[in-house]
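Asks: quick check, what structure comes out for this input:
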Amino acid sequence: MASAFKPPATQRVYDVCVLGGGLGGAAAGALLSRRGFRVLLVDEGGASPVLADGGWLFPAGPALRPAYRLLPAADALLTDLGLTTDGARALEPQVPALQLLLPRHRLELSPDPAALRRELQREWPAHAPRLLELLAALSTAAELGGALLKEAPPLPPAGLFDRWSLGRALGRAAKETGLARTLLTGPSPLDASGGDPLASALVALARLLGHLDGPASPLALGRLAGVALQGLHRPVAGSSGVEEGMRRRITEVRGEVLGSAAEPARIESIGVEHGRLSTIRVAGHSDTWLARAFIIAAPLSRLGELLPVEGRSARAVRALSAARPGHRLAASHLLLRNPARPPGLGDAAILLGAGGASDGAVLLELSAARREPRRGAPPATAPDHFTASAFTLLAPGDDEAAARSGLRLAFDEALPFHERHLVHRADPAPAPRGLAFEAATPFGVGGLPVRSPWKNAFLASGEVLPGLGLEGELFAGLQAAAHAGALLGAKGRPR
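Replies: Reported below is the predicted structural model:
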């Protein structure tokens, strides 16, 4: 029998290879393409933003996020790439604003200060002035944190010089805003709340939007909960988002993208030479891809599978294994007929239990029902149905059954009598969400350093700044691109 013809393997040479997709990797690749470097992005898919169950699509995690214009890293990035309009079109304001369903209290976190003041005076007439001061302190911490990130400091710092640079950046941010450094280095502005349920709800929101275990730091609370006071947004249904725009920027300048979330590529191996990453092999391709620099946007656990298990590479992977799994995200989804939605309930709400503590808090999100798409067709909507998704956090060792019970109670409280309108229920297994680090990090938001043990590889994954959520991933992408650009040398922008 004649053997099948196999074309000879060839080598493709790039300036930068980005391993893994996500916003951090796409951002780093697009920025380097913009600066004239030839980029290869290999997208292995990663975590899917949606869950398919019973022929329907449900969100895999919370959809709430701040507007890109409120995030210095995102704003600078989109401006540089000419994607500001794409970023604005990809998100729509959460209207009505996020609701807090607290024991004996209900209010909206309106971005309008006058409306928020009226809400607080109605629910807590005796404590409204103190609560307004608390929220003002949180907004002030958000302002100083934004000014700090605008300075593009080395976060997390990898050594003494980085710590010195970080301190100087904080000093410049404090001088620019006229605010005290202690807003980010001292106690949290919510510590003085005395366990107030409003403060507990804001802490719960920060933990649900971030990915770092442990108490939320002043910087994390400011950049997650404090920015949320200015209004939250949700992705526009059917929008390709800014990540797709970044991928386009790569291919527009002699770059190449392999794989996507829908059809991921699969890296088979990574070559290492003299303490540097050198080549990759991708399943289904006979070519070998070479690059002078690498951006690692894939989880570090995945990287360990692709590198040699002995010698210098094994030691390097162990050096990056400072993080251990933290909390998990437990979710429950209901597909309901429209009559199940009670008047006055918005599309997003935080629910606290009877004790009013942040532990066990549930984020409820309502969205349009979408059917799982058929091959080659976009997802279809079902206008007479809607989806109710409830999310809560499971700490290591927490009882999953108790968390499921909490999710059911949240549905019962927010959507009374919903059972009679239930069409389908999906209860996926809890997914890894948070990371925990043994050593304390500056400002309580940092994780792995951007500079890796390999001389030509830099990290841009969510493990770099998990405490800042989406903003941290974009900031890591910016830093990784800056380090790779410095390593490769200046290159003119393409015409």
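Asks: which stretches of the stretch 51-200 of the chain have low pLDDT?
Replies: Along the stretch 51-200 of the chain, the parts satisfying pLDDT under 70 run over 194.
Asks: show me where it has helices.
Replies: Secondary structure of the stretch 51-200 of the chain (DSSP state H, counting those that start in this stretch): helices at 72-81, 84-90, 113-123, 128-150, 160-177, 182-185, 197-209.
Asks: out of the ones you listed, flag the one nearest Gly467.
Replies: Distance to Gly467, taken as CB to CB, is lowest for helix 197-209 among the helices of the stretch 51-200 of the chain, at 9.0 Å. All C-beta spots, glycine's among them, are computed from the backbone N, C-alpha and C.
Asks: which residues does the closest one contact?
Replies: The contact list for helix 197-209, computed with CB atoms under 8 Å, 6 or more residues apart in numbering, reads 62, 64-65, 98, 100, 102-103, 105, 124, 131, 134, 138, 190, 193, 216, 220-221, 224-225, 228, 327, 350, 352, 356-358, 361, 363, 391, 393, 469-470.
Asks: what subset of those is buried?
Replies: Buried by 16 or more other CB atoms under 10 Å: 62, 64-65, 98, 100, 102, 105, 124, 131, 134, 138, 190, 193, 216, 220-221, 224-225, 228, 327, 350, 352, 356, 358, 361, 363, 391, 393, 469-470, out of the contacts of helix 197-209.
Asks: same question for stretch 449-467, mean pLDDT?
Replies: What stretch 449-467 shows for mean pLDDT is 91.
Asks: mind checking the end-to-end distance for that stretch?
Replies: Using CA to CA, to the nearest Å, the end-to-end distance of stretch 449-467 comes to 14 Å.
Asks: show me where the stretch 201-350 of the chain has helices.
Replies: Taking DSSP H, counting those that start in this stretch to define them, one finds helices in the stretch 201-350 of the chain at 218-221, 227-228, 241-252, 300-306, 312-319.
Asks: wait, which of those helices is closest to Gly489?
Replies: Ranking the helices of the stretch 201-350 of the chain by their distance to Gly489 (criterion: CB to CB) puts helix 241-252 first, at 19.7 Å.
Asks: mean pLDDT and distance to Ala380 added to the helices of the stretch 201-350 of the chain, as CSV?
Replies: What follows is those, written out as CSV (pLDDT from 0 to 100; distance: least, CB to CB, whole Å):
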stretch, mean pLDDT, distance to Ala380
helix 218-221, 93, 39
helix 227-228, 94, 32
helix 241-252, 91, 20
helix 300-306, 79, 33
helix 312-319, 68, 44
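Asks: out of those, which comes closest to Arg281?
Replies: Closest of the helices of the stretch 201-350 of the chain to Arg281 is helix 300-306, at 9.4 Å (criterion: CB to CB).
Asks: for Phe475, see how far away Gly45 is.
Replies: Distance of Gly45 to Phe475, given as CB to CB, to the nearest Å: 23 Å.
Asks: ok, the two, which is more surrounded?
Replies: Counting neighbours by other CB atoms under 10 Å for Gly45 and for Phe475 shows that Phe475 has the greater number, 29 against 16.
Asks: work out for me the element the more buried one sits within.
Replies: Secondary-structure assignment from DSSP states H and E places Phe475 in helix 469-488.
Asks: okay, now the domains of the chain?
Replies: The chain is divided into the following domains under automatic domain parsing: 11-48+238-324+436-488, 134-230.
Asks: in TSV: those, plus distance to Leu335.
Replies: TSV is the format used below for the domains of the chain (distance: least, CB to CB, whole Å):
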stretch	distance to Leu335
domain 11-48+238-324+436-488	18
domain 134-230	22
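Asks: next, the contact list for His483, please.
Replies: By CB under 8 Å, 6+ apart, His483 lies in contact with 450-451, 458.
Asks: how many residues are close by Gly20?
Replies: The local packing of Gly20 (other CB under 10 Å) involves 25 other residues.
Asks: go on, Leu478?
Replies: The local packing of Leu478 (other CB under 10 Å) involves 23 other residues.
Asks: likewise Arg371?
Replies: Neighbours of Arg371 (other CB under 10 Å): 17.
Asks: ok, back up a step: and the helices of the stretch 51-200 of the chain: which comes nearest Arg292?
Replies: Arg292 lies closest to helix 72-81 among these, at 22.1 Å (CB to CB).
Asks: restricting to C-alpha, output that closest one in CSV.
Replies: What follows is helix 72-81, C-alpha atoms only, in CSV (Å, rounded to 0.1, in the frame of the first residue of the first chain):
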residue,chain,number,x,y,z
PRO,A,72,-6.3,53.4,32.5
ALA,A,73,-4.7,50.3,31.0
ALA,A,74,-7.7,49.6,28.8
ASP,A,75,-8.2,53.2,27.7
ALA,A,76,-4.5,53.6,26.8
LEU,A,77,-4.5,50.2,25.0
LEU,A,78,-7.6,50.8,22.9
THR,A,79,-6.5,54.4,22.0
ASP,A,80,-3.1,53.1,20.8
LEU,A,81,-4.7,50.3,18.8
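Asks: mind listing what's buried in that helix?
Replies: Those would be 72-78, 80-81, for helix 72-81 by 16+ other CB under 10 Å.
Asks: who's in contact with it?
Replies: In contact with helix 72-81 (CB under 8 Å, 6+ apart) are residues 27, 30-31, 34, 68-69, 83-84, 86-87, 146-147, 149-150, 242, 245-246, 249, 470-471, 474-475, 477-478.
Asks: returning to what we had before: widest-spaced pair of the buried residues of helix 72-81?
Replies: Longest span within the buried residues of helix 72-81, CB to CB: Pro72 and Leu81, 15.0 Å.
Asks: report the buried members of the contacts of His483.
Replies: Buried, going by 16+ other CB under 10 Å: 450-451, 458, out of these.
Asks: out of those residues, list just those in strands.
Replies: Residues of those located in strands (DSSP state E): Phe458.
Asks: what is the nearest of the buried ones among the contacts of His483 to Gly159?
Replies: Arg451 (9.3 Å).
Asks: ok, Arg12 - contacts?
Replies: Arg12 sits next to 40, 256, 287-290 when contact means CB under 8 Å, 6+ apart.
Asks: now the helix or strand containing it against helix 469-488, angle please.
Replies: Following DSSP H and E, one finds Arg12 within strand 11-19. Inter-element angle recorded for strand 11-19 and helix 469-488: 140 degrees (by axes from the mean of the first three to the mean of the last three CA atoms, to 10 degrees).
Asks: ok, strand 11-19: who's next to it in the sheet?
Replies: Pairing partners of strand 11-19, with direction, according to DSSP bridges: strand 39-42 (parallel), strand 288-296 (parallel).
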